[in-house]
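3D model of this:
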Amino acid sequence: MAKKRQTTQAAQTTPVQEPLVEISEDEQWRLIEQTGVLRKISGTREPVETTDNVEPLPLADEIFNAIVFIMPLTFFLIMMDILIHQQYAQQPTAGEIAGRLLTNFPILSIFVFYTTRHKANPRTQLALFILSLGVGPRMIWLINRGSWLVNLRQCPQFATIWLYTVLQLNLNWAVLTLAMTGAWAWYTGMKLVL
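Numbers count the residues shown, from 1 in each chain. Sure thing, here's the model as predicted:
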């Protein structure tokens, strides 16, 4: 009993040491969450990372990411426009191509900017999946059964949108939409090569 009193008295008389480094409370909580000490103690699972707690990119980075897609898609649109005209033995003038580019470029740019910005959103992925399932078969049907004037007007835009939607989809959704479009083309007897 006397030993217990002596140890408790000794514990009460020892001076409290100052910490060697002062760390703010926010930094302490960050370190605790980063190391996972609380999860190990409580036995809880790690929280699933969601898109809500991801910091948004600055506007300049979003614009750059959109431009990375807009430039090649614009060249692809011009190339498809020239190729479809060549397929039907038409010679498009630079003015005609520039006129179509001026009407399509703003819409394409806005569409690419917002879908690139919200690419991780499951609703955006679903919308791109549905759009790809609509545009791909429509373009294949037009190539096989459409009149040449309709093909001249619609196929370059459909090809560009279809390419972009497949590029923006997650890999599993992109493979699924291409497989479904291929199965539809095989079932209906449509071909991409004339």
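
Now the most centrally placed residue in the chain. Nearest residue, chain neighbours left out?
Central residue of the chain (CA atoms, centre = their mean): residue 119, 2.8 Å from the mean position. Sequence neighbours aside, residue 168 is the residue nearest to residue 119 in space, at 5.8 Å (criterion: CB to CB, 6 or more residues apart in numbering). C-betas here are computed from N, CA, C, even on glycine.

Might you report the residue contacts of the one you found?
The neighbours of residue 168, taking CB atoms under 8 Å, 6 or more residues apart in numbering as the test, are 115, 116, 119, 128.

That one and residue 59, how far apart?
Using CB to CB, to the nearest Å, residue 168 is found at 20 Å from residue 59.

What of residue 166?
Separation of residue 166 from residue 59 (CB to CB): 27 Å.

Just want to know which of these two has more residues nearby.
Using other CB atoms under 10 Å as the criterion, residue 166 and residue 59 rank with residue 166 on top: 19 against 9.

and residue 193, helix, strand or coil?
Look at residue 193: counting by DSSP: H, G, I helix; E, B strand; the rest coil, its state is coil.

and it, how many residues sit next to it?
Number of residues near residue 193 (other CB under 10 Å) recorded here: 4.

if I look at it, how far off is residue 179?
Going from residue 193 to residue 179 by CB to CB gives 19 Å.

Likewise for residue 23?
Taking CB to CB, one finds residue 23 at 54 Å from residue 179.

Check residue 156 too.
Applying CB to CB, the value for residue 156 to residue 179 is 25 Å.

higher neighbour count, those two?
Set residue 156 next to residue 179 and count neighbours by other CB under 10 Å: residue 156 wins out with 23 against 10.

Excluding chain neighbours, what is closest to the more buried one?
residue 80 (3.8 Å).

which residues touch that neighbour?
With CB under 8 Å, 6+ apart, residue 80 has these contacts: 155, 156, 159, 160.

In which helix or strand does the first one reside?
When secondary structure is defined by DSSP states H and E, residue 155 falls within helix 148-168.
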